[in-house]
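[1] Here is my input, please return the structure:
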Amino acid sequence: MRSFLLLSFLLLILTTQYLSQTPVKGPVSALTPAQQKAMAEIDSLNNQIIKFFTQKDLNAALQKGIEMQAVIDNNGLGENFNALIALTNLAEIYLAKSRESDAIKLFLRVLDGFQKRPDASGAAIAKVTERLGLAYYDKAEYEKAEQCYRNAIELRAKANGAESREIAAAYKDLGNVYRMENKFEQADTAYLKAIEISDKALTKEEKWERKDLEYYQCFLYHWGFRINKLQDMARKWDVFSKARGPSQADRAARVSSGGVVNGKAIRLVKPPYPANGATGFVIVMVTIDEKGDVISAKATCGINNFLRVSEEAASKSEFSPTLLDGKPVKVSGIIIYHFGNM
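    Residues are numbered from 1 along each chain as shown. Next up, the predicted model:
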């Protein structure tokens, strides 16, 4: 299930680049002429998969992926290094099409294959473990997803370092899983660890594009809704973001002290409630001008299907002007839309 992920998860297809950058270190078994011919076909089909995926034609990509798997299996290439890479791409297509069970089977197959090979890097194994964790997450098998990300953290520590951006991302993903398990204290610790590491590992430019702070903010409001202490969690985020200081080149520095502005609205337009009866919330970051009009609205967190309607509702809302030293000023804040009984 992806409904509570921050916006939609940006699916990055696993091309041969992230795995094949590591040179083959172990002995490479000689392929028969028939297998060599099959490998050429596999390479061609894999390139077509990547092409169709880039064009967002998932059906065509899946068809080529199924053809590719048949070539691999029919020619006894299931343990071939490059064939395993190709199967990972097929698993990604299944994941993109919300066929999580099929994706899990392939990720497990690839993971088993890489773990048996001396030429597969720890980073490669960690990446497949993380993608397996996402598949379990999307299928709402959170205990299995949790174990995957805990394993990935250990693998990343060895392969990339204890303060790498890769391990920070794994901690963030683990936080997402804890959140869905309602393990709020563990989630809080995981998110803060991800932020701490990212503060050290990311460049100044990368900090402007980071997402871990928004994930953390989203989590705090989720936590607040669950325990009926929304305002407490709003203050917790405000204290956290202010403590980082104005010199921090990241998204927390861009969040105004306007906080939650629902109660300041003259007219708070509400989005239509969906017919499917789903429950949850959406956070919309808004900028309000000196007149009290919303001049920008961006949904940053919540149920994917509600993001656009929440943005549209927020953009039509009206607020009392915010005064600073008696003069109206532009201010940023957060509108929270609550759907159903969460």
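
[2] And the strands in the stretch 151-300 of the chain?
    265-267, 280-288, 294-302 (DSSP state E, counting those that start in this stretch).

[3] Quick check: which ranges of the stretch 101-250 of the chain have low pLDDT?
    Low-confidence segments of the stretch 101-250 of the chain (pLDDT under 70): 246-250.

[4] just to revisit the earlier point, kindly compare burial across the strands of the stretch 151-300 of the chain and name the winner.
    Comparing the strands of the stretch 151-300 of the chain on average neighbours per residue, with mean count of other C-beta atoms under 10 Å, the densest one is strand 280-288 at a mean of 23. In short, each C-beta sits where N, CA and C put it, glycine included.

[5] Report the angle between that strand and strand 294-302.
    150 degrees (axes from the mean of the first three to the mean of the last three C-alpha atoms, to 10 degrees).

[6] Tell me how far strand 280-288 lies from the chain's centre.
    19 Å (C-alpha atoms, centre = their mean, to the nearest Å).

[7] what's the answer for stretch 311-321, then?
    28 Å.

[8] contacts for that stretch?
    With C-beta atoms under 8 Å, 6 or more residues apart in numbering as the contact definition, stretch 311-321 has outside contacts at 261, 264-271, 284, 286, 288, 290-294, 296-299, 328, 335, 337.

[9] before we move on, the earlier item: can I get the strands of the stretch 151-300 of the chain in CSV including mean pLDDT and distance to Gly76?
    Formatted as CSV, the strands of the stretch 151-300 of the chain follow (pLDDT from 0 to 100; distance: least, C-beta to C-beta, whole Å):
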stretch, mean pLDDT, distance to Gly76
strand 265-267, 93, 66
strand 280-288, 87, 48
strand 294-302, 87, 48
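
[10] just so I know, which of the ones you listed lies nearest Gln48?
    When the strands of the stretch 151-300 of the chain are compared by C-beta to C-beta, strand 294-302 sits nearest Gln48, at 35.2 Å.

[11] Each with direction, which strands does that closest one pair with?
    Note on strand 294-302: by DSSP bridges, its sheet partners are strand 280-288 (antiparallel).

[12] Using PDB, write out every CA atom in the partner strand.
    Output in PDB follows, covering the C-alpha atoms of strand 280-288 (Å, rounded to 0.1, in the frame of the first residue of the first chain):
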ATOM      1  CA  GLY A 280      -6.400   9.600   6.400                       C
ATOM      2  CA  PHE A 281      -5.100  13.100   6.000                       C
ATOM      3  CA  VAL A 282      -3.400  15.400   3.600                       C
ATOM      4  CA  ILE A 283      -0.900  18.200   4.400                       C
ATOM      5  CA  VAL A 284      -0.900  21.200   2.100                       C
ATOM      6  CA  MET A 285       1.900  23.700   2.300                       C
ATOM      7  CA  VAL A 286       0.400  27.200   1.500                       C
ATOM      8  CA  THR A 287       1.700  30.600   0.900                       C
ATOM      9  CA  ILE A 288      -0.700  33.400   1.900                       C
END
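
[13] ok so, going back, between the strands of the stretch 151-300 of the chain, which gets nearest to Arg156?
    strand 294-302 (25.3 Å).

[14] In contact with Glu163, which residues?
    Contacts of Glu163 (C-beta under 8 Å, 6+ apart): Ile197, Lys200, Ala201.

[15] can you pick the most crowded of these?
    The most crowded member of those, judged by other C-beta atoms under 10 Å, is Ile197 (23 neighbours).

[16] quick one: which helix or strand includes Asp73?
    Secondary structure from DSSP states H and E places Asp73 in helix 58-74.

[17] Likewise for Ser332?
    With DSSP H and E as the test, Ser332 turns up in strand 331-339.

[18] Show me the contact partners of that strand.
    Contacts of strand 331-339 (C-beta under 8 Å, 6+ apart): 221, 225, 230, 234, 254-256, 258-262, 264-265, 268, 270-271, 273-274, 278-288, 297, 302-303, 306, 310, 313-314, 317, 322.

[19] ok, 7 Å please
    With contact meaning C-beta atoms under 7 Å, 6 or more residues apart in numbering, strand 331-339 is reached by 221, 255-256, 258-262, 270-271, 273, 278-288, 303, 306, 310, 314, 317, 322.

[20] State whether Ala152 and Glu130 are indeed in contact, as I suppose.
    Yes. Assessed by C-beta atoms under 7 Å, Ala152 is found in contact with Glu130 at 4.8 Å.

[21] Could you give me the buried positions within stretch 79-94?
    For stretch 79-94, the neighbour count (16 or more other C-beta atoms under 10 Å) marks 80-94 as buried.

[22] For Arg109, what are phi and psi?
    phi -60, psi -50 (degrees, to the nearest 10).

[23] Now for it, how many residues are close by?
    For Arg109, using other C-beta under 10 Å, the count is 17.

[24] Could you pull out the buried residues of the strand holding Ser332?
    In strand 331-339, counting by 16+ other C-beta under 10 Å, buried: Val331, Ser332, Gly333, Ile334, Ile335, Ile336, Tyr337, His338, Phe339.
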